[in-house]
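J.: one predicted model, sequence on top.
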Number of protein chains: 2
Amino acid sequence: MNPQKVISFETIRVVCKNCTLATLCLPMGLTPEDTERLDKIVKRNRPLHRGDYLFRSGERFRSLYVVKTGSVKTYAPSEEGGEQVLGFHLPGEIIGLDAIEKDHHICSARVLETSAICEIPFNRLEELTCCIPSLQHQMFRLLSKEIGHDTDMLLLLGKRNAEERLATFLVSLSRRLQRRGLSPNDFYLSMSRHEIGNYLGLAVETVSRLFTRFQDEGLLEVDRKHVQLKDLAALEAIVNGSQAEGDHQRRSS
Amino acid sequence: MNPQKVISFETIRVVCKNCTLATLCLPMGLTPEDTERLDKIVKRNRPLHRGDYLFRSGERFRSLYVVKTGSVKTYAPSEEGGEQVLGFHLPGEIIGLDAIEKDHHICSARVLETSAICEIPFNRLEELTCCIPSLQHQMFRLLSKEIGHDTDMLLLLGKRNAEERLATFLVSLSRRLQRRGLSPNDFYLSMSRHEIGNYLGLAVETVSRLFTRFQDEGLLEVDRKHVQLKDLAALEAIVNGSQAEGDHQRRSS
DNA sequence: ATCGGTGTTTGACCTGGATCAAGTAAATAA
DNA sequence: TTATTTACTTGATCCAGGTCAAACACCGAT
């Protein structure tokens, strides 16, 4: 035996039960026994690195993926190189739900930074959901939540101006980080300005200009990927403020 | 006994088994026996009329709804009167899936014309999905399909210009009507220009101008609610054409 | 340290579609 | 029937944000 042997992935069995994400992730609301059954089907592969794919658009659907650490972007590639970024996914968030219907992935997913990802083979999961009603219900809830989130995005893209979009993005990110025990007002972006713009339906230049403007207005400090929100209240006011004052942007109604 | 008694809702028992929508709707892929079990929990209320609500945003979630005949719009009301139309629903389409997560409706649904609606109490449905694996799978598929549709809409709102949006709307509507055995190129719109614009993130005026332009270009004939698509191929070319030629609208990438 | 290459910022300009303003036609009420 | 409201169309104008261009800063590779 090597006396220098250090703690490794092999010796620490990472299980759902010990996972800090248990309250955000699939096991939410399951009994310890049911969590254990779920745990048995989860595959924990070695960490992926920036740019690695979880899956590509068009591939056969086999598994759902959950971010354990790091972050992932999903995007719909449209032929000749163009793409629409669909989401940025933080620890505890499930990826691949949109593939169930067609049995093929309709978007691609790649990690934005070194990330640990849990893989959940879907056919195994369906065996469990059949006999664990609370897990089935949790799956329904997660699928429904995804729909609700998409609804929010439709509203953002359909009715909000550039300023409101970026503010919404930042406030939403801040809240999600906070829920994961991280600082809500001091964080590093793992995605580029370009990806943010793509996600929000804006040109890179617009995103850049808005960051500058928000900084000039004292709402935040930004230095490359490093963002510090200085006035979250003001950002939140932008998010649901402009709607309060007299309904500009008549696209809406 | 009244000799004049005519065929009524009471005498013709409408059941899923006889429903022409069986291949589009929840029973898709179920055995006749399972369809019968599903049928037992479906409530068929009397027809609703233009403007009637299926449910309102904020209400407790109890049931899913399926359009049997007619059409329904869903929309997210945002405080002071504004709204974002989320979708127009045709026969066989399920409404209310977004409410599962929060156990409250996050959007409102009202019928656009006289419509028959099937109501499916969700707690009863969950009892069935637990013991009918194919029904559970079908529910997962339907939820996933909704996510996929929202993804398409995000792409539409994030990356397409006004012309592409209206063309996409018309082509999509045409296909959905065709799948229901109706004419794909001669139909009546059950929604107003205003609602179309709201749905597509455009001003009413823009929608109106585009209809006029499409008509001038010979793509369609339009007379108020009555639309005849004259050149579906050209419309489809617009839908996935502009993307092919050199990636304008750099918002995308 | 130097050299690309890529991501970001900033300025100048332009345009698609929103907004504003009438006018017209259909639907509903009286 | 006529009055009133609501939906739709069309024209004129404006502007948020896209596009183009250039400079700059960082990062990995030689």
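T.: Sure thing, it's come through. Residues are numbered from 1 along each chain as shown, chains lettered A, B, ... in the order given.

J.: okay, helices next: where are they in chain A?
T.: Assignment of helices within chain A using DSSP state H yields the ranges A:32-41, A:122-131, A:133-159, A:162-179, A:193-200, A:204-216, A:232-241.

J.: of those helices, which is nearest residue B:118?
T.: Residue B:118 lies closest, by Cβ to Cβ, to one member of these: helix A:133-159, at 19.1 Å. For the C-beta atoms, the positions are set from N, CA and C on the backbone; glycine is no exception.

J.: tell me what that closest one is packed against?
T.: Counting contacts by 3 or more Cβ pairs under 8 Å, 6 or more residues apart in numbering or on different chains; DSSP states H and E, helix A:133-159 packs against helix A:32-41, helix A:122-131, helix A:162-179, strand B:72-78, strand B:82-89, helix B:122-131, helix B:133-159.

J.: quick one: contacts of the third one?
T.: This points to helix A:162-179. The contact list for helix A:162-179 (Cβ atoms under 8 Å, 6 or more residues apart in numbering or on different chains) reads A:24, A:88, A:90, A:156-157, A:160, A:183-185, A:187, A:196, A:199-202, A:206-207, A:210-211, A:213-214, A:220, A:227, A:229, A:232, A:235-236, A:238-239, A:242.

J.: name only those of those that count as buried.
T.: Among these, those classed as buried by neighbour count (16 or more other Cβ atoms under 10 Å in any protein chain shown) are A:24, A:88, A:90, A:156-157, A:160, A:184-185, A:187, A:196, A:199-202, A:206-207, A:210-211, A:214, A:220, A:227, A:229, A:232, A:235-236, A:238-239, A:242.

J.: pull the number of nearby residues for the residue nearest to residue A:153 when sequence neighbours are not counted.
T.: Computed as Cβ to Cβ, 6 or more residues apart in numbering or on different chains, the closest residue to residue A:153 that is not its neighbour in sequence is residue B:154, at 5.7 Å. Neighbours of residue B:154 under the rule other Cβ atoms under 10 Å in any protein chain shown: 23.

J.: what parts of the stretch 101-250 of chain A come near DNA strand D?
T.: A:161, A:162, A:163, A:201, A:202, A:203, A:205, A:206, A:224 (Cβ under 7 Å from any atom of the strand).

J.: filter these by proximity to DNA strand C?
T.: A:205, A:224.

J.: how many other residues sit next to the residue in chain A positioned nearest to DNA strand D?
T.: Nearest residue of chain A to DNA strand D, counting by Cβ to the nearest atom of the strand: residue A:161, 3.0 Å away. Applying other Cβ under 10 Å, we find 13 residues neighbouring residue A:161.

J.: also residue A:209?
T.: Residue A:209 - counted by other Cβ under 10 Å - has 14 other residues nearby.

J.: how far away is it from residue A:193?
T.: The gap separating residue A:209 from residue A:193 is 10 Å, by Cβ to Cβ, to the nearest Å.

J.: which of the residues of the stretch 101-250 of chain A next to DNA strand D sits closest to residue B:32?
T.: Using Cβ to Cβ, those come closest to residue B:32 at residue A:201, 46.9 Å.

J.: and of the helices and strands packed on helix A:133-159, who's closest to residue A:20?
T.: Counting by Cβ to Cβ, residue A:20 lies closest to helix A:162-179 out of the helices and strands packed on helix A:133-159; the figure is 11.6 Å.

J.: can you give the distance of that closest one from its chain's centre?
T.: Here the centre of helix A:162-179 is set off from its chain's centre by 12 Å, with Cα atoms, centre = their mean, to the nearest Å.

J.: okay, now the domains of chain A?
T.: A:16-146, A:160-241 (automatic domain parsing).

J.: do you know which of the ones you listed lies nearest residue B:55?
T.: domain A:16-146 (14.8 Å).

J.: touching, residue A:206 and residue A:194? I think so.
T.: No: using Cβ atoms under 8 Å as the test, residue A:206 is too far from residue A:194 to be in contact (11.4 Å).
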